[in-house]
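*Asks:* here are the coordinates; sequence isn't available:
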């Protein structure tokens, strides 16, 4: 499954596409193969954008043929579209790329290095824990809008967190209460006995959700716990009329 998100690095916003199931091939593919194409794919109005997307998929299909390599993800940085693959061997990869990109007259370069631990994937492509929560939030917001919800309407939003000990949980709750959250209920999961549901009235918009999630995430990590996501209900349409 491919996930697309943005990350701020050295003051610049980087667009990343990560193949989240790529780690399934980790053990047998120690070679990191990169292909850099001079094309700013962030700008969808860029000349020949659809043609570039077709070239991208052709490149992935060609390199993955006979499991020669596995697509791990891409980054768009300073006008370059960077594609990353992990392979069992470093042989023949450059010739496959050349056969596809040279006729299309793209300016490109490729490189291969050994990355047995998949460090590049883990650090530069794979979403962090917080980024994963933002991706989940985006999916929830999308589903709300699909139901015709007006996400500009503030309503109760529940946020969930779990901890190893009750002391950690209680310290977190006390900190969250000071920031406008209210205690809703104690919860538990199969793995964590000490959990809590907090509630706060805010819009389930991207900006508001991101702000509140990041606030809670920082408090939770201070107590070595885990954020378990959020939920809400559809806005009451009668109240909006």
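*Replies:* Sure, I can see it. In this text, all values refer to a predicted model and were calculated from it rather than measured experimentally.
*Asks:* only C-alpha atoms for contact and neighbour calcs from this point on.
*Replies:* Will do.
*Asks:* now do residue 206 against residue 167, distance only.
*Replies:* 32 Å (C-alpha to C-alpha, to the nearest Å).
*Asks:* okay, and residue 227 sits in which element?
*Replies:* Using DSSP states H and E, the element containing residue 227 is strand 226-232.
*Asks:* so where is the chain shaky, pLDDT-wise?
*Replies:* 237-241 (pLDDT under 70).
*Asks:* at 90 what do you get?
*Replies:* 10-12, 27, 40-48, 66-68, 104-105, 236-241 (pLDDT under 90).
*Asks:* can you give the domain ranges for it?
*Replies:* Domain segmentation of the chain under automatic domain parsing yields 2-125, 129-240.
*Asks:* gap between the shortest one and the chain center?
*Replies:* So the one you mean is domain 129-240. 18 Å (C-alpha atoms, centre = their mean, to the nearest Å).
*Asks:* now swap in the first one and tell me
*Replies:* A distance of 16 Å separates the C-alpha centroid of domain 2-125 from that of its chain, computed with C-alpha atoms, centre = their mean.
*Asks:* put together JSON lines for the domains of the chain, with mean neighbour count on each row.
*Replies:* Output for these, formatted as JSON lines (neighbours: other C-alpha atoms under 10 Å):
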{"stretch": "domain 2-125", "mean neighbour count": "16"}
{"stretch": "domain 129-240", "mean neighbour count": "16"}
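*Asks:* paired strands for the helix or strand harbouring residue 111, with orientation please.
*Replies:* Following DSSP H and E, one finds residue 111 within strand 108-114. Sheet pairing for strand 108-114, assigned by DSSP bridges, gives strand 31-37 (antiparallel).
*Asks:* next SSE after the partner strand?
*Replies:* Counting by DSSP H and E, what follows strand 31-37 is helix 49-64.
*Asks:* now for that following helix, which elements pack on it?
*Replies:* strand 69-77, helix 93-101 (3 or more C-alpha pairs under 8 Å, 6 or more residues apart in numbering; DSSP states H and E).
*Asks:* identify the residues contacting residue 175.
*Replies:* Neighbour list for residue 175: residue 219 [criterion: C-alpha atoms under 8 Å, 6 or more residues apart in numbering].
*Asks:* doesn't it lie inside a helix?
*Replies:* Yes: assigned with DSSP: H, G, I helix; E, B strand; the rest coil, residue 175 falls within a helix.
*Asks:* distance check, residue 51 against residue 76.
*Replies:* Separation of residue 51 from residue 76 (C-alpha to C-alpha): 17 Å.
*Asks:* shouldn't residue 204 be within a strand?
*Replies:* No: the assignment for residue 204, made by three-state DSSP, is coil rather than a strand.
*Asks:* wait, it sits on residue 140?
*Replies:* No: counting by C-alpha atoms under 8 Å, residue 204 stays clear of residue 140, with 9.0 Å between them.
*Asks:* which residue packs closest to the residue most central in space within the chain, ignoring adjacent ones?
*Replies:* The residue lying closest to the centre of the chain (C-alpha atoms, centre = their mean) is residue 127, at 4.2 Å. Among residues not flanking residue 127 along the chain, residue 18 sits closest, at 7.4 Å (C-alpha to C-alpha, 6 or more residues apart in numbering).
*Asks:* quick one, what contacts the one you found?
*Replies:* 2-4, 72-74, 125-127.
*Asks:* hey, what's it bridged with?
*Replies:* For residue 18, the residues forming beta bridges with it (DSSP bridges) are residue 3, residue 73.
*Asks:* what separation is there between it and residue 98?
*Replies:* Per C-alpha to C-alpha, residue 18 is found 24 Å from residue 98.
*Asks:* excluding chain neighbours, give the residue nearest to residue 135 in space.
*Replies:* Nearest residue to residue 135 in three dimensions, chain neighbours excluded: residue 5, at 7.4 Å (C-alpha to C-alpha, 6+ apart).
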